[in-house]
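Colleague: Sequence first, then the predicted structure:
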Amino acid sequence: MRGDEKRVVEAFRTYLLSEGWSVRTEVDHIDVVATRGDHHLYAEAKGRTGRNGPLDVDTMYGQLLRRMSQDEVGLSSFAVVVPEEMARAATRVPARVRGLLNIQIYAVSDTNDVRHIES
């Protein structure tokens, strides 16, 4: 993980642990894999990337989509996790599309607080 991404992943991991999830990072090229009971959450994260933030968010969605297996869609949830200032770029994917694919958005503040962005 380059740049700020490590901080974003660690803040999200800490948040999930506080919510009762078991969490692993960097599993088969997936940034975060969390389990709570029978439910799995797969998350891709991006850190601050400078001028290419919106493009990097698009890349992150592509990475998440490529890692979805047909067996997981409908049984698992997915998330994109970004620094707070990139949250607007993450919401450019329409809420309806995110809902169909069960993709949530989380934003991480400079103080490592995690906020779930409602559709």
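Modeller: Here it is on my side, so go on.
Colleague: The most centrally placed residue in the chain bridge partners, please.
Modeller: Nearest to the geometric centre of the chain sits V80, at 2.4 Å (Cα atoms, centre = their mean). Beta bridges link V80 to E44, I105, judged by DSSP bridges.
Colleague: how much space between it and V33?
Modeller: The gap separating V80 from V33 is 14 Å, by Cβ to Cβ, to the nearest Å. Every residue, glycine included, has its C-beta placed from N, CA and C.
Colleague: A79 too?
Modeller: A79 is 11 Å from V33, by Cβ to Cβ.
Colleague: Need the overlap of contacts for these two.
Modeller: Listed as contacting both A79 and V33 by Cβ atoms under 8 Å, 6 or more residues apart in numbering are 41-43.
Colleague: from those residues, which is closest to A11?
Modeller: Distance to A11, by Cβ to Cβ, is smallest for A43 among the shared contacts of A79 and V33, at 11.8 Å.
Colleague: mind listing what's buried in the helix or strand bottoming out on mean pLDDT in the chain?
Modeller: Within the chain, no helix or strand scores below helix 53-67, which has a mean of 88 by mean pLDDT, DSSP states H and E. For helix 53-67, burial by neighbour count (16 or more other Cβ atoms under 10 Å) applies to 53, 56-57, 60-61, 63-64, 67.
Colleague: Dump those residues to CSV, plus distance to R96.
Modeller: Below are these laid out as CSV (distance: Cβ to Cβ, whole Å):
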residue, distance to R96
G53, 23
D56, 23
V57, 18
M60, 19
Y61, 15
Q63, 21
L64, 17
R67, 21
